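> Sequence first, predicted coordinates after that:
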Amino acid sequence: MTMNTINPIAYIESDPAQMQRVFDAQQETALRWRQSTVAERLTRIKRLREAMLAKREDFYEAFASDYRKPVAEVDVTEIMPVMDEIRHVIGRLKRWMKPSRRSTELLFITNRIQVTYQPKGVVGVIVPWNFPIYLAMGPLVTALAAGNRVMVKMSEVTPATNAVFKTLLGEVFGED
């Protein structure tokens, strides 16, 4: 397979009706996830990490097919940076979720002000072709840490990698 050859099986046209159905299902789930605890969010992120490590060999094959990247390069440019991002999020999520106090004007000195961080709902991640797993997983992990649901649009230039990534996400999360 040359770099310019397209695998016709891997290219699936986006179905607007299916995308809307998934988005609607995620909107409903997003309302329930708003109140998720640190432990629940960390569990999701850790399951994602374990699934990614379990699919490591599949990613090596996919990157060899899509890019002709050697295993060491896939580890250094795709897998290790994602593991570092996950480690960073796991270590800081509890602190990030704490409400933060703010000062008030002198007139309202007896009042207390705090900022409580809340999820947005459903977050869209559009991934370029050049580092597809790293550039998909970084925003995915941080959006999950924030309590959001995520819809990911991968590049059509990386069909084998996309197939492995889709399988990975399907094993960890439902469409909703």
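Nice, I can see it. The model shown is predicted, which means the values in this text are computed figures rather than measured ones.
> Stretch 161-170 - what's its average pLDDT?
Per-residue pLDDT values over stretch 161-170 give a mean of 94.
> again, but for stretch 130-138
Summarised as a single mean, pLDDT over stretch 130-138 is 95.
> mind checking the SS state of the spatially most central residue of the chain?
Within the chain, one residue has its C-alpha closest to the average C-alpha position: by CA atoms, centre = their mean, that is residue 140, at 1.6 Å. When the structure is split into helix, strand and coil by DSSP: H, G, I helix; E, B strand; the rest coil, residue 140 lands in helix.
> likewise residue 156?
Under the three-state scheme (three-state DSSP), the conformation of residue 156 reads as coil.
> wouldn't residue 128 be in contact with residue 139 here?
No - the pair formed by residue 128 and residue 139 falls short of the contact definition of CB atoms under 8 Å, at 11.6 Å. Quick note: C-beta positions are derived from backbone N, CA and C, even for glycine.
> who's more crowded, the two?
Set side by side, residue 128 and residue 139 give different neighbour counts by other CB atoms under 10 Å, the larger being at residue 139 (17 against 12).
> contacting residues for the more buried one?
Residue 139 is in contact with 123, 125, 150, counting by CB atoms under 8 Å, 6 or more residues apart in numbering.
> for the protein, what are the low-confidence residue spans?
1-13 (pLDDT under 70).
> Run through the helices of it in chain order.
Counting by DSSP state H, residue ranges of the helices within the chain are 16-33, 38-54, 56-66, 71-74, 80-97, 132-145, 159-172.
> Out of the ones you listed, which one sits most buried?
Burial of those is given as mean neighbour count (mean count of other CB atoms under 10 Å); helix 132-145 ranks first at a mean of 22.
> how far away is the closest residue to residue 59 other than its chain neighbours from residue 53?
In space, residue 59 comes closest to residue 164 once its chain neighbours are excluded; the distance is 5.6 Å by CB to CB, 6 or more residues apart in numbering. Counting by CB to CB, to the nearest Å, the separation of residue 164 from residue 53 is 13 Å.
> Ok, residue 136 next?
Relative to residue 53, residue 136 is positioned 16 Å away (CB to CB).
> can you check residue 167 too?
Look at residue 167 and residue 53: by CB to CB, they are 14 Å apart.
> Residues contacting stretch 89-97, please?
When contacts are taken as CB under 8 Å, 6+ apart, the neighbours of stretch 89-97 outside the stretch itself are 38, 41, 42, 45, 46, 117, 141, 142, 145.
> can you tell me which two in those residues are farthest apart?
Put simply, by CB to CB the two of the contacts of stretch 89-97 set farthest apart are 46 and 117, 20.9 Å from each other.
> hmm, back to that, pick out whichever of the contacts of stretch 89-97 sits closest to residue 72.
The shortest distance between residue 72 and any of the contacts of stretch 89-97, using CB to CB, involves residue 141 and amounts to 23.1 Å.
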